[in-house]
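Chemist: Only the shape, not the letters, is given here:
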């Protein structure tokens, strides 16, 4: 038989504790299987104690994995091939042994990235039997890569108690229980629990016992003499029962190996004393609850089996039914859903254990359960993106096109919705806790998630291409000036100047295009407002995160279903004047509220801040003028421009560059009005000089050499702002030379 053309089997032998007779079963079954299959068997003892029992019983002196790696080099692991085949001695029965190491100190050097390529090569010529004791990381590693696990246990109370604990952990790690076959070894030893009680115990965990192996006096005797029972007394009762295991092996259909494990290198080599880790799914923040989405196959997915969506639909229905039966309520507050999520996880896992017709690997089971949990309790495919703090914007263009912004760059992701209906369900799930709705009668919505993210949803008939969802996310901790300087968004000199201007109570407009970081910069500037001042913020959707204690937040309110009850930004700006504010911060000026804001700045509320959409400081002033005219005030243009020139002291311009970086490109002073024109001049500017080899923008910040007209005001108020701050490099050189 050409051994290379036979699909390899990888079988693990483990148990709840040492001393249950597992090694005897491994050895005898390996000899029986090699004879039955006419294919060599290689035993891999994952033994941190390096006891070499298997090699002694077979009369072999094999090299260890650690020795082979030392000989051929770590870099050559994936190219071992024939070299491995010649280095491993095989006994007369067609069984060999390859231990991890012969010295315990070498175990720490072994890791999955070394072992897996080696096993992949070996499986071309051997069936592999892995003998692993209940050392947690190694045990999990063996389960990950095995086609079948023989769980060898005794029938005493201590073995059963240990099994209950480990099986609970196996369940939590989402291993399919049909991968495990229970072998009750030495079931009739003195003091053992009766077979019926043992069967009942395993039934409660959803497992039948494959075989009851009897006590044989000759078992320990032959082991002590370095003899193997099947070669000496093949007709004993114990060997006859062993044929049940042989039959189970024969009916096993090996699958194509992925040779991957979720056990990390630090865990494998140092983890026998570690606790089980909390899974990422449990540690991740929970998302708002909502109704399940309609299910249809998701075309184009290549990362999951073809039956994935059909199975998900089936399990989803059963989970919903179980939740209704148990009267489990999913809260709108994600912080209250921790226990519910664990319960739903357990329900899904239990349902998957019964799905023998559609087997999943442990990795697939974890993925399946996480996806279904996200659909039932979260935002479906978006949930994983929402857990990634580096994602600043999520854009769902259609059910199969989800883009994100990361580090200022737009990227098409692998995530997809099944159909438009699932996007609709996610939108409704987002807006329902906020008292909003989105449907044909209200086809667009602006909302805010509990974490402060801003959401915009628009659906047909307004969105011709289908439901479109945009989520703008904000850092949980606002950027500090130091972080913005480190990112190259502004110079230290620019920060020092703006800090002094905020303390001097200058009115500042932050201007920029969409996604240039206006809100982020406004948050940073607000940190310079003294703690003893009362701040009132007015926003369409509350996004600002000020650090001061004395802060009142106002947010606009859209009209209800009947078209009544709307409270806009303009009404809030008017109202906040009656709230005795020291400073007014308007999140974004976009309409007639501009006139009320300018009046507030001119009537004792100096030091106010606002953002506006514009590409240059001059454009920002033009937009302000246009928005004031939208208020319907019958003012001549000269009066309007006079009001703007006296109310606004500075415009800070932000720009987003082609490499995704955001920078302050101009800090501009409003100096007054000449004839019918508002006069301005730049105090600081950013000059782009080119692009480097990585496509990054190259440039520098510089002063213009023209200090602000209100420079003396700093000295009057006891704020130190040296004139040298506004010098250009040329002026500095001239002064130094003079």
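Modeler: Arrived safely, thanks for sending. Everything numeric here is computed off the predicted structure, so don't read it as measured data.

Chemist: make it CA atoms for all contacts and neighbour counts henceforth
Modeler: Fine.

Chemist: The stretch 351-500 of the chain: strands as residue ranges?
Modeler: 391-398, 401-406, 409-412, 444-448, 454-458, 468-472 (DSSP state E, counting those that start in this stretch).

Chemist: Indicate which one of those is closest to residue 89.
Modeler: Taking C-alpha to C-alpha, strand 409-412 is the member of those nearest to residue 89, at 52.0 Å.

Chemist: Quickly run through the sheet partners of the closest one, with directions.
Modeler: Using DSSP bridges, the strands paired with strand 409-412 in its sheet are strand 401-406 (antiparallel).

Chemist: in the sheet, who's paired with the closest residue to residue 390 other than its chain neighbours?
Modeler: Nearest residue to residue 390, sequence neighbours excluded (C-alpha to C-alpha, 6 or more residues apart in numbering): residue 406, at 6.1 Å. Per DSSP bridges, the residues bridged to residue 406 are residue 391, residue 409.

Chemist: again, but for residue 668
Modeler: Beta bridges link residue 668 to residue 651, residue 682, judged by DSSP bridges.

Chemist: right, and it touches residue 650 too?
Modeler: Yes. Contact criterion C-alpha atoms under 8 Å: residue 668 and residue 650 qualify, at 5.5 Å.

Chemist: thinking again about what came up before, what's near enough to touch the residue nearest to residue 390?
Modeler: 390, 391, 392, 393 (C-alpha atoms under 8 Å, 6 or more residues apart in numbering).

Chemist: can you do 10 Å?
Modeler: Residues near residue 406 by C-alpha atoms under 10 Å, 6 or more residues apart in numbering: 388, 389, 390, 391, 392, 393, 394, 660.

Chemist: between the residues you listed, which is nearest residue 35?
Modeler: Proximity of the contacts of residue 406 to residue 35 was ranked by C-alpha to C-alpha; the top entry is residue 388 with 53.2 Å.

Chemist: what's the burial count for the closest one?
Modeler: 11 (other C-alpha atoms under 10 Å).

Chemist: any chance you could read off phi and psi for it?
Modeler: phi -90, psi 110 (degrees, to the nearest 10).

Chemist: what helix or strand is residue 348 on?
Modeler: Per DSSP states H and E, residue 348 falls inside helix 338-353.

Chemist: Show me what that helix is packed against.
Modeler: Applying 3 or more C-alpha pairs under 10 Å, 6 or more residues apart in numbering; DSSP states H and E, one finds that helix 338-353 contacts helix 157-172, helix 280-283, helix 308-326, helix 362-377.

Chemist: make it 7 Å
Modeler: On a contact count with 3 or more C-alpha pairs under 7 Å, 6 or more residues apart in numbering; DSSP states H and E, helix 338-353 meets helix 308-326.

Chemist: Buried residues, the helix it packs on. List them.
Modeler: Neighbour counts over helix 308-326 (16 or more other C-alpha atoms under 10 Å) mark 308, 309, 312, 313, 315, 316, 319, 320, 323 as buried.

Chemist: Format the residues you listed as TSV; extra columns: pLDDT.
Modeler: Converted to TSV, the buried residues of helix 308-326 look like this (pLDDT from 0 to 100):
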residue	pLDDT
308	79
309	77
312	79
313	78
315	83
316	78
319	80
320	77
323	74
